[in-house]
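Enquirer: Provided below for reference: sequence and predicted model.
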Amino acid sequence: ILPGGWQGRIPPITLAGRHKTIDRYIAQNPWLDTKRPGTILDLGCGFPPDTTVELASSLPHWNVLGADPSLPVHMLYDHNENYASFDEHGRAYYFQPAVPTVENWNELLEDSGATRERFERLLQESLASANQATVGTRLISNPVRDYEKGNLSFLRGGIGKLDIDPVDIIRCFNVLYYFDKDFRQQALCWFEEKLRDGGLLLIGGDWALSTEARYYTYQKIDDRLRAREFAFSIDNLCPLGIMTWYTNHDD
């Protein structure tokens, strides 16, 4: 889970169905009429971008932009359907087992350097081969394009790194707890800049199916972010997992 395990990158962990409760909350929130078309930025969408695809389905008349600095240039599956994501230089910066059990994770991570080297070798062999089946791999280049549709598109970039016009809603979940207090304050200033007046900002954490969730809702009013709501899932009071206690920084 820690960025130090992935060459300093935030790992693009994603789970289908993770934000469905949050999707409903956005559609039914009391401060912004989502029945009218608008634009929402889903920042830190991860890959595969399952939660962003679900958001676009829940708001079919909205324009949805998914953004993440770790969107892969290549994605490669080995013969066991374990996959790795690669940057433009062919470096594997993330890999995940087909079935994410503890045993399968341990098999990949017992020697993460060797696993990375194996995937990078398989990528070069796949790029050089006319028939990937002979290599025993399945290679997809610029794979996020396969998820795009009429109201859904993707950008490679993160907080402070996106050149976009102001949007109506920004959702940024499971990102900011990787950063320290100073960065989070800078992020709030950037969010404020990138929201239209009256727009909403939702930031927080949400582990699986909206368990271990907590988030803030802000609204931009008169060019300033105003706190609207803080909410958390009831299991935070008697947590069964790690996310309630999760921190990378002393503060």
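Expert: Okay, I see it.
Enquirer: all contacts plus neighbour counts: C-alpha atoms, from now on.
Expert: Fine.
Enquirer: Regarding Arg118, what is its secondary structure?
Expert: Look at Arg118: counting by DSSP: H, G, I helix; E, B strand; the rest coil, its state is helix.
Enquirer: any idea how far Arg138 is from it?
Expert: As judged by CA to CA, to the nearest Å, Arg118 and Arg138 stand 14 Å apart.
Enquirer: Asp235: neighbouring residues, count only.
Expert: Each residue near Asp235 was counted by other CA atoms under 10 Å, and the total is 14.
Enquirer: What sits closest to it if chain neighbours are left out?
Expert: Nearest residue to Asp235 in three dimensions, chain neighbours excluded: Glu212, at 6.2 Å (CA to CA, 6 or more residues apart in numbering).
Enquirer: Could you verify my assumption that the one you found touches Asn236?
Expert: Yes - if you go by CA atoms under 8 Å, Glu212 and Asn236 touch, sitting 5.7 Å apart.
Enquirer: follow-up on the earlier one: looking at Arg118 and Arg138, which one has more neighbours?
Expert: Neighbour totals were compared for Arg118 and Arg138, and Arg138 leads with 18 against 13 (other CA under 10 Å).
Enquirer: Look up the residues that both of Glu212 and Asn236 are in contact with.
Expert: Residues touching both Glu212 and Asn236 (CA atoms under 8 Å, 6 or more residues apart in numbering) are Thr244.
Enquirer: These two: who's more crowded?
Expert: Remark: of Glu212 and Asn236, Glu212 carries more neighbours, 23 against 16, as counted by other CA under 10 Å.
Enquirer: So what's the predicted local confidence for the more buried one?
Expert: Looking at Glu212, its pLDDT reads 88.
Enquirer: can you pull out the helices in the stretch 101-250 of the chain?
Expert: 102-109, 112-128, 181-194 (DSSP state H, counting those that start in this stretch).
Enquirer: Go through these and name the closest to Tyr25.
Expert: Across the helices of the stretch 101-250 of the chain, Tyr25 has its closest neighbour in helix 181-194 (19.7 Å, CA to CA).
Enquirer: Now do the strands in the stretch 1-150 of the chain.
Expert: Along the stretch 1-150 of the chain, counting by DSSP state E, counting those that start in this stretch, strands occupy 39-43, 63-67, 74-77, 83-86, 92-96, 138-141.
Enquirer: where does the stretch 151-251 of the chain dip in pLDDT?
Expert: By pLDDT under 70, the low-scoring segments of the stretch 151-251 of the chain are 251.
Enquirer: run the last query once more with 90
Expert: 177-180, 207-212, 236-251 (pLDDT under 90).
Enquirer: Strands of that one, start to end?
Expert: Assigned by DSSP E, counting those that start in this stretch, the stretch 151-251 of the chain shows strands spanning 152-155, 167-173, 195-205, 214-221, 224-232.
Enquirer: Quick one, which of these gets closest to Leu2.
Expert: The minimum distance between Leu2 and the strands of the stretch 151-251 of the chain falls on strand 195-205, with 15.2 Å, by CA to CA.
Enquirer: Now do the closest one against strand 224-232, angle only.
Expert: 30 degrees (axes from the mean of the first three to the mean of the last three CA atoms, to 10 degrees).
Enquirer: which residues touch strand 195-205?
Expert: Defining contact as CA under 8 Å, 6+ apart, one finds that strand 195-205 is touched by 32, 166-177, 191, 212-223.
Enquirer: Run the chain-centre distance for that strand.
Expert: With CA atoms, centre = their mean, to the nearest Å as the basis, strand 195-205 stands 17 Å off its chain's centre.
Enquirer: Mean pLDDT and distance to Ser57 for the strands of the stretch 1-150 of the chain - can I get that in JSON lines?
Expert: Shown next, in JSON lines, are these (pLDDT from 0 to 100; distance: least, CA to CA, whole Å):
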{"stretch": "strand 39-43", "mean pLDDT": "98", "distance to Ser57": "13"}
{"stretch": "strand 63-67", "mean pLDDT": "98", "distance to Ser57": "10"}
{"stretch": "strand 74-77", "mean pLDDT": "94", "distance to Ser57": "24"}
{"stretch": "strand 83-86", "mean pLDDT": "93", "distance to Ser57": "25"}
{"stretch": "strand 92-96", "mean pLDDT": "91", "distance to Ser57": "26"}
{"stretch": "strand 138-141", "mean pLDDT": "92", "distance to Ser57": "24"}
